[in-house]
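Asker: heads up, no residue letters with this:
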């Protein structure tokens, strides 16, 4: 079931629910809707458990205990498990064992953000569950993006040129980035023009450098290098600047988030990325994130100042260094 179909049809919520797809903002909205529809506000705190999958020791046992507990002054208990896509093989097997033993009446929600058709080992929970679970697909198609843009404009009581809507609908950016851009541009009042969008937007930038950074901080080094090589094939001299900038930005955000009480200093234009980077920040930690950030900044400065003769070799070395010193141990 697609996300907006879930919102409109309000299907019965029981047993196992798997939130899949690729868009974390829609996943959060789906979780909020599930909680609101299953638990009255006055008993919600007593009957809702949220478990951070990758950060929970013996996660399968924690889920089994939580979902087996009796409701308190309510018809059901709801257990939400976040970031299952970051779990390794054995914890995923433990989570699935718990998911196959949900007591009647209670609800288990697994956020497992893989594309529904993706073939991985172990299998995504949506594929394992099949028709035994309600599956909510958060993958944003062009139609989903356009609807999201129009609804965001309505919420902001703002207007935009048709080209703005079309450009954002065709973008590969996270919906959080699109919302951030629209909120920023709506502050100026009047109709949002394409010229204003092009001048201020993060969402209409070439997303490949950000995809490189995301792959690298997640430990997918081969994927990161494949993206970097694609950019260098198109622009042998100019690709290094956005690549080094993107990885420096992401590691700078991760460093800020990993520090005790971190996150306060993050600029508003980057806050849309916080949700995606929280789990990575907990895994990497402040010391390794700082090391990677400083290495990326040095690489960026070397490219911009022309101190290096081979930008591609520099990015290869930087990628290898960050993979070995920062993201190792995933």
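Answerer: Right, received. Where do you want to start? The structure presented is a predicted model; accordingly, all values stated were derived computationally and were not measured. Numbering: from 1, shown residues only.
Asker: please name the nearest non-neighbouring residue to the most centrally placed residue in the chain.
Answerer: In the chain, the residue lying closest to the centroid (CA atoms, centre = their mean) is residue 276, at 3.6 Å. Nearest in space to residue 276, with sequence neighbours left out and distances taken as CB to CB, 6 or more residues apart in numbering, is residue 24 at 5.7 Å. Quick note: C-beta positions are derived from backbone N, CA and C, even for glycine.
Asker: and residue 144, what does it touch?
Answerer: With contact set as CB atoms under 8 Å, 6 or more residues apart in numbering, residue 144 has these partners: 2-4, 26.
Asker: what do you get for residue 285?
Answerer: Taking CB under 8 Å, 6+ apart as the test, what residue 285 contacts is residue 258.
Asker: distance check, it against residue 13.
Answerer: 37 Å (CB to CB, to the nearest Å).
Asker: now swap in residue 84 and tell me
Answerer: From residue 84 across to residue 13, the span is 18 Å (CB to CB).
Asker: compare these two (neighbour count), which wins?
Answerer: Here residue 84 and residue 13 are set side by side on neighbour count (other CB atoms under 10 Å), and the busier one is residue 84, at 26 against 17.
Asker: ok, for that one, nearest residue in space, not its chain neighbours?
Answerer: If you skip the residues right next to it in sequence, residue 84 has residue 112 as its closest partner in space, 4.1 Å away by CB to CB, 6+ apart.
Asker: neighbours of the one you found, just the number please.
Answerer: 27.
Asker: could we number from 578 for the rest of this?
Answerer: Yes, from this point I'll number from 578; that puts the last item at residue 689.
Asker: pLDDT value on it, please?
Answerer: For residue 689, the pLDDT comes out at 95.
Asker: helices or strands next to the lowest-mean-pLDDT helix or strand in the chain in the packing?
Answerer: When the helices and strands of the chain are scored by mean pLDDT, DSSP states H and E, helix 771-777 comes last with a mean of 79. Identification of packing neighbours for helix 771-777 by 3 or more CB pairs under 8 Å, 6 or more residues apart in numbering; DSSP states H and E yields helix 739-747, helix 752-763.
Asker: which intervals of the chain have sub-threshold pLDDT?
Answerer: Low-confidence segments of the chain, defined by pLDDT under 70, span residues 695, 778-784, 840-842, 844-850, 852, 906-907.
Asker: now the phi/psi pair for residue 646, please.
Answerer: Taking degrees, to the nearest 10, you get phi -70, psi 150 for the backbone angles of residue 646.
Asker: mind listing what residue 621 touches?
Answerer: Contacts were defined as CB under 8 Å, 6+ apart; by that measure residue 621 touches residue 612.
Asker: sounds good, over and out.
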